[in-house]
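J.: from the sequence below, what's the structure:
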Amino acid sequence: VSATGDEQSAFTVGFVPDPAAPGGAGLWQMGMSGSDSDKPARSEAGNAGFFYDVREWNHLTLVYDGFAKQARLYVNGSLQEVACTDADGDGDADDPECAEAIPWAENVLSFRAGEPLQFGRGKGNGSWVQHWPGAIDDVWTFQGALSEPQVQKLADEWFDLPTEVPTPE
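T.: Sure, this is the predicted structure:
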């Protein structure tokens, strides 16, 4: 899912396979571009560890709080962090196989996307990228930043809401 401008997506949410094991778990990732230009500042965050198989139903929630300049990516109602240890403080993980995944980003600013929401693709450097070959069941948008309890309620309790338009009586 993305909201696009002329050159970039203001935000993207998608699945990133593990390059070392393409059939493995991978992670859900969000990205936010600071401007609709050729090489914008970009913030990224990934949520790892607490999701179902990518071939199964997953509940993703991107919360962007422009006032706090923060973005959070919840998967199935949780923020799940994977941090690698660096005992010697050299900036490299002690285990070279460890890949960090931090599900939030600070000091994030995004631009106002001039195009409608896109499902199954995003935009990068003026071209359509990040094609999603899977299915998307439901997409909801809310005005304002949801709290963590609101996100958890959506993921845990509101998964089977009717989506048909009610008929007037």
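J.: all helices of the chain, in order?
T.: Using DSSP state H, the helices found in the chain span residues 148-156.
J.: first to last residue in stretch 81-98, what's the distance?
T.: 12 Å (CA to CA, to the nearest Å).
J.: off-centre distance for that stretch?
T.: When C-alpha coordinates are averaged (CA atoms, centre = their mean, to the nearest Å), stretch 81-98 and its chain have centres 24 Å apart.
J.: touching, Asn76 and Leu154? I think so.
T.: No: look at Asn76 against Leu154 with CB atoms under 8 Å: they stay out of range, at 10.4 Å. All C-beta atoms are positioned from the backbone trio N, CA, C, and that covers glycine.
J.: what do those two both touch?
T.: With CB atoms under 8 Å, 6 or more residues apart in numbering applied, the overlap between the contact sets of Asn76 and Leu154 consists of His59.
J.: Ala3 against Arg121, yeah?
T.: No: Ala3 is beyond contact range of Arg121, at 11.7 Å (criterion: CB under 8 Å).
J.: between the two, which is the more surrounded one?
T.: For Ala3 versus Arg121, the count of surrounding residues by other CB atoms under 10 Å is larger for Ala3: 21 against 16.
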